[in-house]
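In: next come a sequence and a model predicted from it.
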Amino acid sequence: MSDVTSPQTSQTPPNGEQARSNMAAGKAAISEATRHVDVIHTSLAGMTAIVLMLLAAVALPVFGYAPVAVKSAFFIMTAASLAGIGYLYYMNYRVHQHVSNQARLTEVLVNSLGQGFLSFDQQGLCGRVYSQACIDLLETIPARQNIQDVLHISEEQRVDFKDWMDILFMPNHALGFDDVIKFLPQFFPHSLGRRISLLYRPIRAKDGALTNVVVIATDQTEEYEAQQRAQQQQNYAEMICRIFKERNQFLATVTHVRKFLEAASQPVRREDAAPLLRQLHTLKAAVKHFHLEELGEMVHRFESELRSDQIKSDEDFQKQLDVARKEIGDGLAAALTHVHDLIGQDYEGRGNMHEIEESALYSFAQEMEAKNADPALVRHFLSSIAAVPANECFRQFDRELNDLAEIIGKQIKPIRYTGSNPRILTRPIQEFLFSLTHICRNIIDHGIESSVTRLARGKDPAGQVSIHADIALDDENKREWLHIIISDDGNGIDPTRVRAKLATVDPHGPWRTEDDQAVIQHIFSWGFSTRDNVTDLSGHGVGMEAVEREVNLLGGTIKVYSELYRGTRFDIRVPYIFDLNGKQESKPAAALSA
């Protein structure tokens, strides 16, 4: 038997009474073990005495002495030897019986825990001792197998696994045992989808050298499912709270989903599907903002499928679109079933709400115009009742920044607002405000760095986003513009990366002769993204194009300015519309600032 210590485990320090009880149990266990060791030593001593006595009897003639010739002496020696051997056999039988009982008891106790126990050595070879649960949890008999085969390590991961194994058993390495095992598999890929967690414990020799590693496999399926149910309940609670706080935005989201379903019900050719896919991409961000997780994952899946290169014809595209329309419609209906009591059965017909319906405010203003009310009075009514401060339109932007930052593990400060905060009518620019979610997602995914990176660059670990809202006057045409600047102090846009991406999508384009400022404007191009992999946040190259499109539809402009490692600024100008018909007036807006 090797001279090793027990596997190390972490335990909660016991209180005084428990300590005394544990000490007494420990002493009892030690006394019992010592007694059986003494029996073994006594047996060995007795056997040695018998062998020496027989050897002395045989050796008498060798040294010139007469051999034992007296029968009585021979019989006494024989009887004493047989009696000693019989007694020694009896004592050893008792020890063997005790050890066997203890081994069976230990096996029963270990198997009753429902955990898989096995060990492997420096060569990765598993020992012959393992618990019965390994057959169920690890779907194999691990004895004498390589640990890589037992844990189903994939071929591409075996080299890394072997390197970490070498480091694990390497003496005096800078990384400790607990540091290295973080890079070993933490879960076993069970064929039935069960969640089997893996823990590792060291077995060390007295000199501290690692001799073996114990693997403990635990079925956490029920615990994980309970956590998932708890998370679903938390998401539902957060959904309810968010709908209460942002009821108007939720109603707008539902309306946009229905608009998509209506547009998807018409025949669409694949080459003409860009507006539809753009709308689907925007909806994904909107529904996830309200923690409609299932609906959001469904939209994300269908967006990827509709963009797949496996769709070769318009017919295949239409079939997939019909499936998406039906399932998204069913998903929306299921989601709304849970919230009818919150928003009412007639939510879609009521529009956005202040204290009364927004449509009623506009109807009242139109009635005032129809009855030739003073235009100044109508404008005052719109500015003081129907319009809202510009900063209020970005409250959802603030919450989304925090949510996304938490998801990907980044830190963000509250938005810094500057400017005169003018009052604006949201109805004429609702689609534009809705599209700004893409700027929010790009700021978190591309702009704001991780806290470690920001500290290395001498920045505050939490990123800062600023929004400036003001009214700008065009001296040439005497037009008023709603001027919005959204900026961050993050990574900035690297023109080199933009050029590298353009070289793959448009190798002979005019961008080759453009300066850095002109090149980075290509982030607004359809399908352009510097990210190689598609994520829930970005990667499709659709979001920024959607923002530019809404700005252009309003007759405005959007430009991006960036300084590498210093930050990015989006400069947006749209007509300052303060008219019931969505047209711009030439009246000054100074009196409308909040």
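Out: Perfect, I can see it now. Numbering: from 1, shown residues only.
In: show the average pLDDT along the helix or strand hosting residue 360.
Out: Using DSSP states H and E, residue 360 maps to helix 358-370. Mean per-residue pLDDT for helix 358-370: 81.
In: against residue 488, how distant is residue 462?
Out: Distance from residue 462 to residue 488, counting by Cβ to Cβ, to the nearest Å: 12 Å. Yep, even glycine has a C-beta here, placed from its N, CA and C like the rest.
In: what about those two, which has more around it?
Out: Taking other Cβ atoms under 10 Å, residue 462 and residue 488 do not tie; residue 488 has more neighbours (25 against 15).
In: the more buried one pairs with what?
Out: residue 465, residue 568 (DSSP bridges).
In: in the stretch 401-550 of the chain, what spans have low per-residue confidence?
Out: Along the stretch 401-550 of the chain, segments meeting pLDDT under 70 span 475, 477, 526-541.
In: swap that for the stretch 51-200 of the chain, sorry
Out: Within the stretch 51-200 of the chain, the stretches with pLDDT under 70 are 54, 60, 68, 95-113.
In: could you pull out the strands for it?
Out: In the stretch 51-200 of the chain, the segments counted as strands under DSSP state E, counting those that start in this stretch are 116-120, 187-189, 195-204.
In: then the longest one to PDB, C-alphas only?
Out: What that stands for is strand 195-204. The C-alpha atoms that make up strand 195-204 are tabulated as PDB, following Å, rounded to 0.1, in the frame of the first residue of the first chain:
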ATOM      1  CA  ARG A 195     -25.900  17.800 -16.400                       C
ATOM      2  CA  ILE A 196     -23.000  15.900 -14.800                       C
ATOM      3  CA  SER A 197     -20.600  18.200 -13.000                       C
ATOM      4  CA  LEU A 198     -16.900  17.100 -12.400                       C
ATOM      5  CA  LEU A 199     -14.800  17.900  -9.400                       C
ATOM      6  CA  TYR A 200     -11.200  17.100  -8.900                       C
ATOM      7  CA  ARG A 201      -9.400  16.400  -5.600                       C
ATOM      8  CA  PRO A 202      -5.600  15.600  -5.100                       C
ATOM      9  CA  ILE A 203      -4.100  12.600  -3.400                       C
ATOM     10  CA  ARG A 204      -0.600  13.500  -2.200                       C
END
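In: can you list the strands that that strand pairs with?
Out: Looking at strand 195-204 with DSSP bridges, its partner strands are strand 187-189 (antiparallel), strand 210-219 (antiparallel).
In: ok now that strand, how far from the chain's centre?
Out: 23 Å (Cα atoms, centre = their mean, to the nearest Å).
In: so which bits of it are buried?
Out: For strand 195-204, burial by neighbour count (16 or more other Cβ atoms under 10 Å) applies to 195, 196, 197, 198, 200, 201, 202, 203, 204.
In: ok so, going back, and the helix holding residue 360, what does it pack against?
Out: Packing partners of helix 358-370 (3 or more Cβ pairs under 8 Å, 6 or more residues apart in numbering; DSSP states H and E): helix 375-381.
In: what packs against the helix it packs on?
Out: Against helix 375-381 (3+ Cβ pairs under 8 Å, 6+ apart) you get helix 358-370.
In: which residue ranges of the stretch 401-550 of the chain form helices?
Out: 430-435, 437-442, 451-456, 495-505, 516-519, 543-553 (DSSP state H, counting those that start in this stretch).
In: mean neighbour count, the ones you listed: which tops it?
Out: Highest mean neighbour count among the helices of the stretch 401-550 of the chain (mean count of other Cβ atoms under 10 Å): helix 437-442, with a mean of 22.
In: for that helix, output the C-alpha coordinates as PDB.
Out: Extracted in PDB, the C-alpha atoms of helix 437-442 (Å, rounded to 0.1, in the frame of the first residue of the first chain):
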ATOM      1  CA  THR A 437     -31.300  50.400 -30.100                       C
ATOM      2  CA  HIS A 438     -28.700  49.300 -32.700                       C
ATOM      3  CA  ILE A 439     -26.300  52.100 -31.700                       C
ATOM      4  CA  CYS A 440     -26.800  51.000 -28.100                       C
ATOM      5  CA  ARG A 441     -25.900  47.400 -28.900                       C
ATOM      6  CA  ASN A 442     -22.800  48.400 -30.900                       C
END
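In: residue boundaries of the helices in the stretch 101-250 of the chain?
Out: Secondary structure of the stretch 101-250 of the chain by DSSP H, counting those that start in this stretch: the helices cover 133-137, 147-150, 155-168, 177-180, 221-245, 247-264.
In: which of the residues in the longest one are buried?
Out: Of the residues in helix 221-245, those buried by neighbour count under the rule 16+ other Cβ under 10 Å are 239, 240, 242, 243.
In: look up how far residue 335 lies from the second one.
Out: Applying Cβ to Cβ, one obtains 12 Å for the distance of residue 240 from residue 335.
In: likewise residue 375?
Out: Using Cβ to Cβ, which is the criterion applied here, residue 375 is 44 Å from residue 335.
In: comparing those two, which shows the higher neighbour count?
Out: Legend: neighbour count by other Cβ under 10 Å for residue 375 and residue 335, higher for residue 335 (19 against 12).
In: please name the bridge partners of residue 216.
Out: Using DSSP bridges, the beta-bridge partners of residue 216 come out as residue 117, residue 199.
In: which residues touch it?
Out: Residues near residue 216 by Cβ atoms under 8 Å, 6 or more residues apart in numbering: 115, 116, 117, 198, 199, 200, 201.
In: just the residues you listed now: which is nearest residue 568?
Out: Closest approach between these and residue 568, by Cβ to Cβ: residue 198, at 42.9 Å.
In: check contacts around the closest one.
Out: With contacts defined as Cβ under 8 Å, 6+ apart, residue 198 is in contact with 151, 184, 185, 186, 187, 188, 215, 216, 217.
In: can we see that at 6 Å?
Out: Shown in contact with residue 198 (Cβ atoms under 6 Å, 6 or more residues apart in numbering): 185, 186, 188, 217.
In: now swap in residue 120 and tell me
Out: So residue 120 contacts 126, 147, 213 (Cβ under 6 Å, 6+ apart).
In: mind listing what residue 164 touches?
Out: For residue 164, the contact set (Cβ under 6 Å, 6+ apart) comprises 180, 183.
In: residue boundaries of the strands in the stretch 301-450 of the chain?
Out: Taking DSSP E, counting those that start in this stretch as the criterion, the stretch 301-450 of the chain carries its strands at 388-389, 416-418, 423-424.
In: what's the most buried one of these?
Out: strand 423-424 (a mean of 24).
In: note down every partner strand of that strand and its orientation.
Out: strand 388-389 (antiparallel).
In: average pLDDT for the partner strand, rounded please.
Out: pLDDT averaged over strand 388-389 gives 88.
In: got the contact list for stretch 495-503?
Out: 511, 516, 519, 520, 530.
In: closest to residue 137 out of those?
Out: For those, the nearest to residue 137 is residue 530 (43.7 Å; Cβ to Cβ).
In: still on that earlier bit, determine which two of the buried residues of helix 221-245 are furthest apart.
Out: 240 and 242 (7.4 Å).
In: just put the contacts of stretch 495-503 in CSV and tack on distance to residue 291.
Out: Converted to CSV, those look like this (distance: Cβ to Cβ, whole Å):
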residue, distance to residue 291
511, 40
516, 40
519, 38
520, 34
530, 29
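In: who's in contact with residue 126?
Out: 118, 120, 142, 145, 147.
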